[in-house]
Structures are given as C-alpha cells and as structure tokens.
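>>> My questions concern the predicted model and sequence given below.
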Amino acid sequence: MRKLLRRHGRPRVIVTDRLRSYAAANAELGLNLEHRQHEGLDNRAENSH
C-alpha cells in the first residue's frame, strides 16, 4: 500500500472489499481518508481482471 501511495498520491476515498486488514493498514499509515467497504463498490476493478 505504501508503494501505491508513493506512485499515485493520496486519494480521497479508498474502496475495498470487506477485509479488516485494509482498515488496520490505513490506521497504521496514519491515513485520514474515507474507507468504503461494500460488496458492490469494487466491481469496476474486479470486472477488469
């Protein structure tokens, strides 16, 4: 996640699946941004695979 933030900057919102580790990583990195966890919100990325 650190590598992504370096390359792309800080986003306003992060959309992930329901893994709790993403919220823990955001807290550890000190990110103060909106984290949306919903089953259907990341379909755009999932469908491109």
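Now that the structure is in, tell me what you want to look at. Here the structure is a predicted model, which is why all the values come from computation and not from measurement. Numbers count the residues shown, from 1 in each chain.

>>> which stretches of this structure have low pLDDT?
41-42, 44-49 (pLDDT under 70).

>>> same thing but at 80, please
1, 17-18, 20, 37-49 (pLDDT under 80).

>>> Residue 29 versus residue 6, what's the distance?
According to CB to CB, to the nearest Å, residue 6 and residue 29 sit 11 Å apart. C-beta coordinates here come from the backbone N, C-alpha and C atoms, glycine included.

>>> And the two? Which one has more around it.
The residue with more neighbours, out of residue 6 and residue 29, is residue 29; 11 against 8, by other CB atoms under 10 Å.

>>> Now for that one: which residues touch it?
Neighbouring residues of residue 29 by CB atoms under 8 Å, 6 or more residues apart in numbering: 1-2, 5.

>>> Those residues into CSV, with extra columns for neighbour count?
Formatted as CSV, the contacts of residue 29 follow (neighbours: other CB atoms under 10 Å):
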residue, neighbour count
1, 13
2, 8
5, 12
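
>>> and of those, the nearest to residue 20?
Nearest to residue 20 among the contacts of residue 29 is residue 1, at 14.3 Å by CB to CB.

>>> What's the separation between the closest one and residue 14?
9 Å.

>>> now do residue 29
11 Å.

>>> quick one on the thing from earlier: which one among the contacts of residue 29 gets closest to residue 18?
For the contacts of residue 29, the nearest to residue 18 is residue 1 (16.7 Å; CB to CB).

>>> Spit out the contact partners of that closest one.
So residue 1 contacts 25, 29 (CB under 8 Å, 6+ apart).

>>> Centre-most residue in this structure?
residue 14 (3.6 Å; CA atoms, centre = their mean).

>>> residue contacts, it?
22, 26, 31, 33-36.
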